[in-house]
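Chemist: pasting the sequence and the predicted coordinates here, then a few questions.
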Amino acid sequence: MITFRNLRNYWIPGTVTIVLGCSSDAFAQVRYQVTDLGGLNDWNLACAMSLNNKGWTEIMAGELDPLSNSTTAPLVKGRAVVDVDGLKIDVGTLGGKNTWMNWGQINDRGETVGFSETSVPDPNGEDFCGFGTKLTCRPFLWHNGYLSSLPMLGGNNGAASGINIHRQIAGYAQTNVTDSGCPPYQTTLGVLWDNGKAEPLRPVAGDPDSAAYGINNEGEVVGYSGTCSSAYHAILWRNGTAISLPNLGVEGAVAFFINDRSEIAGQVASADGKTAYAALWKDGKITNLRTLPGDAAALATGINNYGQVVGSTIDSNGDWSHGFIWENGEMKDLNTMFPASSNLYITMANEINDQGQVSGMATVLSGPHAGEIHALVATPVKECDGPSVADVARALPKITLPANVGNQILRRIGVGRSAR
């Protein structure tokens, strides 16, 4: 199983917008206006996971243990935050201290989903939410300023991942059946929550587990089928039926996001089973988007209704490396499209809306906050053909986050094995 890791150190709240003006002899091209989004309180970690067509974002804000130098240092706090035109709203919890999310979706109504600790200890001692508390973890809907728990499938834990404009929600939840691959924990199934009911999304034949991540406005859901630790097949659920998406000849794939044209962004194991690449599924066929030169792997996590794909690349150490955009058959490093004055080196690009705005996170390159991690939104504009962040940062900024932070984001996404 291929595993990935790493976000990076600390966060200082604040909002800064970087804009360049073109001189008369500069050639205007598509660049990005970079808006640096704040975090929550004085916590040291923030990442913009998703955004809607109004530019409102869902941010995961957290704090790493500041006293630990261990590679397994935990997240000690975490909250889902909604940013509406600079107003930051902590969605609260379901009785515990922490909330979190997968890549997530925030719809155009401003509703969002994720998972929250409760105050009840998990009877099997499982740390499903990932904060070391071993409290039960429940999927939530945040609607009209209120947080509510979603129905379960009979088990202890669950998580909501995506929401569409019709308030249909995709995610996953445990059943009351013990998972033989991960005892004493329970089998997990993908879920579609529709009109207040939890409908299980079954895996393909032979797989015990499934999980759902994205849902479009047509009610189509994507995710994976596999085991409690590995994703074997990228799945499209249409009318509740699991359709296995093509791979590159070996098992190991996951689908993260689907647009309203049924185009799907995700990740697929390479033909030799040694790494994983960003993938696009369209009209029943797979396109291997590969990765950027010098990087070892990639994953695609967002696609808008114009077919623009965004995602992140991973270096040979398993660290987050570059945010990318794929369009017109070409993968581009977003750092080459950020003005040098932004001082932000994007290491994750998570989603893209129909205006072309991108949500993600970046490392601060220089100054008093060098090395810190900032959430961001990047908006395409016509800007100068001047120096980019990639020009001034000749070497990739070094990042050394604890490995388990990446696992908070890539929760239960193990890109698979070539054989069972």
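Modeler: Received the coordinates, thanks.
Chemist: any stretches of the stretch 301-420 of the chain with poor pLDDT?
Modeler: Across the stretch 301-420 of the chain, residues meeting the criterion (pLDDT under 70) sit at 383-385, 394-420.
Chemist: strands along that one, start to end?
Modeler: Along the stretch 301-420 of the chain, counting by DSSP state E, counting those that start in this stretch, strands occupy 309-314, 320-327, 330-333, 344-352, 358-364, 373-383.
Chemist: tabulate the ones you listed (a markdown table), appending mean neighbour count.
Modeler: Any C-beta I mention is one placed from the backbone N, CA and C, and that applies to glycine too. Formatted as a markdown table, the strands of the stretch 301-420 of the chain follow (neighbours: other Cβ atoms under 10 Å):
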| stretch | mean neighbour count |
| --- | --- |
| strand 309-314 | 28 |
| strand 320-327 | 25 |
| strand 330-333 | 16 |
| strand 344-352 | 28 |
| strand 358-364 | 28 |
| strand 373-383 | 22 |
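Chemist: Ala390 is nearest to which of those strands?
Modeler: strand 330-333 (6.1 Å; Cβ to Cβ).
Chemist: neighbouring contacts of that closest one?
Modeler: Ala278, Leu289, Arg290, Thr291, Leu292, Ala298, His322, Gly323, Phe324, Ile325, Trp326, Ala390 (Cβ atoms under 8 Å, 6 or more residues apart in numbering).
Chemist: in PDB, list the C-alpha atoms belonging to that strand.
Modeler: C-alpha atoms of strand 330-333 as PDB (Å, rounded to 0.1, in the frame of the first residue of the first chain):
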ATOM      1  CA  GLU A 330      -1.200  19.600 -19.800                       C
ATOM      2  CA  MET A 331      -0.300  19.500 -16.100                       C
ATOM      3  CA  LYS A 332       1.000  22.800 -14.800                       C
ATOM      4  CA  ASP A 333       2.700  23.700 -11.500                       C
END
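Chemist: partner strands of it, with direction?
Modeler: Sheet pairing here is set by DSSP bridges, and for strand 330-333 it gives strand 320-327 (antiparallel).
Chemist: so how far is the partner strand off the chain centroid?
Modeler: 13 Å (Cα atoms, centre = their mean, to the nearest Å).
Chemist: give me the residues contacting it.
Modeler: Residues contacting strand 320-327 (Cβ under 8 Å, 6+ apart): 4, 6-8, 278, 280, 289, 292, 295, 298, 300, 307-315, 331-335, 337, 346-349, 352, 358, 360, 362, 396, 399, 406.
Chemist: isn't Lys97 up against Ser116?
Modeler: No: between Lys97 and Ser116 there is no contact, the gap being 9.5 Å when judged by Cβ atoms under 8 Å.
Chemist: more neighbours, those two?
Modeler: For Lys97 versus Ser116, neighbours defined as other Cβ atoms under 10 Å are more numerous around Ser116 (30 against 16).
Chemist: who is the more buried one paired with across the strands?
Modeler: Here Ser116, judged by DSSP bridges, has bridge partners Thr99, Arg138.
Chemist: I'd say it and Cys137 touch.
Modeler: Yes: using Cβ under 8 Å, Ser116 is in contact with Cys137, at 7.0 Å.
Chemist: one step back: how about the strands of the stretch 301-420 of the chain in a markdown table, adding distance to Asp209?
Modeler: Compiled in a markdown table, these are given as follows (distance: least, Cβ to Cβ, whole Å):
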| stretch | distance to Asp209 |
| --- | --- |
| strand 309-314 | 24 |
| strand 320-327 | 26 |
| strand 330-333 | 31 |
| strand 344-352 | 24 |
| strand 358-364 | 28 |
| strand 373-383 | 31 |
